[in-house]
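Visitor: Return a 3D structure for these sequence lines:
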Amino acid sequence: MITRSAGRRGNEAPEKAWASWARTHKETLERATGAQQVLLEATVRFVAVIGGQPILSRAAAFFLLHAGMGLTPAQVGAAVGRTDRAMRTVQGLSAREFLESVWRELGRHRQPKLHAEHAGPIAKYLVDHPDCTQAEVVAFLAREVGIHVDPQTLRRFFKTYGLGALRAESTTAESTEAPRPFV
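Guide: Predicted structure coming up:
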């Protein structure tokens, strides 16, 4: 499947793509070391084979920029058919950030840390500790379950499993605040 961001080398044979690229980017090749030239050639041929798939091109660029071979964002950008500005963005990403950006582009999200089987222990903790705060629930999860979550994740989990409704009914002004543990 060739996407709208496919490069012009997407339909060329790898040999032709390399020859064309080498003529067009002669100065880039002259400034590169022998090892860098080999990497650039392999990249151009790879991009020609994959047909300019944006995720695969970005993955190749990420690996080249983090390979420790001294390739510049301009060199890598020329090889994968992207701008050096886009490559500087890729260069600034950690491996985790890069993978998260790929998942976002694919329309997926990371697997949640909290699952349905955690609702029981959390509910028991809430019953045993009726006046606990959000920070105490987060600490309990880290200590007992070994899961580190942020407040937003915990809030969504409580909403999904109805855990905010475990507080005993009271007529005091304190009970009119948000459901626990978010008071």
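Visitor: Got phi/psi on residue 83?
Guide: phi -80, psi 160 (degrees, to the nearest 10).
Visitor: What pLDDT does the model give it?
Guide: Listed pLDDT for residue 83 reads 89.
Visitor: Residue 180 too?
Guide: At residue 180, the model reports a pLDDT of 58.
Visitor: try residue 37
Guide: Looking at residue 37, its pLDDT is 91.
Visitor: Point out the other helices and strands that the helix or strand of the chain with the lowest mean pLDDT packs with.
Guide: For the chain, the helix or strand with the lowest mean confidence is helix 151-161, at a mean of 85 (criterion: mean pLDDT, DSSP states H and E). Under the contact criterion of 3 or more CB pairs under 8 Å, 6 or more residues apart in numbering; DSSP states H and E, helix 151-161 touches helix 119-128, helix 134-140. For every residue, glycine as well, the C-beta is placed using N, CA and C.
Visitor: Now render these as TSV, adding mean neighbour count, mean pLDDT and distance to residue 164.
Guide: Formatted as TSV, these follow (neighbours: other CB atoms under 10 Å; pLDDT from 0 to 100; distance: least, CB to CB, whole Å):
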stretch	mean neighbour count	mean pLDDT	distance to residue 164
helix 119-128	14	89	9
helix 134-140	16	88	11
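Visitor: SS state for residue 149?
Guide: Under DSSP: H, G, I helix; E, B strand; the rest coil, residue 149 falls in the coil class.
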